[in-house]
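Sequence isn't available, so here's the structure alone:
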């Protein structure tokens, strides 16, 4: 289950970054529409976030630096989830920008929140599995190896 969750979440990050990397201007408009960042940080966020998503996706898919990728991924997903909820509560009618930069293609709604909540559940499981319950190899054997073994 751990490896499936890791790969699925990695693929989600890879899918999410693709259009944003190809269309940074359109993504910057989506970031601006959220009205959460000062204008001076919108372009920086629009350029950096997709590349962070790409790095996270690659790390998770290829099983490299997983604990760090899981922590950063959790932080990003919590930030995205909170941003969606906050803007829905404010009544803003904006595009999500989660997987596409096309204007109006993916309106943020409560189904978007439920989808992102499912991503958070997978990410939370990975956080538990990768950081709190010991390495996955130890989970398979049911015990942790000590240095004397």
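Now that the structure is in, tell me what you want to look at. Nothing here was measured: the structure is a model prediction, and the numbers come from that model.

Near residue 53, how many other residues are there?
Other residues near residue 53 come to 22 when the count uses other CB atoms under 10 Å. For every residue, glycine as well, the C-beta is placed using N, CA and C.

wait, what's in contact with it?
Residues in contact with residue 53 (CB atoms under 8 Å, 6 or more residues apart in numbering) are 13, 14, 16, 17, 20, 76.

do that again at 7 Å, thanks
Taking CB atoms under 7 Å, 6 or more residues apart in numbering as the criterion, residue 53 is in contact with 13, 16, 17.

Residue 57 too?
Residue 57 touches 10, 11, 13, 14, 17, counting by CB under 7 Å, 6+ apart.

Next, give phi and psi for the third one.
When quoted as degrees, to the nearest 10, the phi and psi of residue 13 stand at phi -60, psi -40.

Confirm for me that it is in contact with residue 56.
Yes. Residue 13 is within contact range of residue 56, at 4.7 Å (criterion: CB atoms under 7 Å).

Ranking by neighbours, what's the top pick from the contacts of residue 53?
Neighbour-wise, the contacts of residue 53 (other CB under 10 Å) top out at residue 13, 25 neighbours.

Could you measure from the closest residue to that one other than its chain neighbours over to residue 8?
Closest residue to residue 13 in three dimensions, ignoring its sequence neighbours and counting by CB to CB, 6 or more residues apart in numbering: residue 57, at 3.4 Å. Distance of residue 57 to residue 8, computed by CB to CB, to the nearest Å: 11 Å.

that older thread, residues bridging contact with residue 13 and residue 56, i.e. touching both?
Common neighbours of residue 13 and residue 56, counting by CB under 7 Å, 6+ apart, are residue 73.
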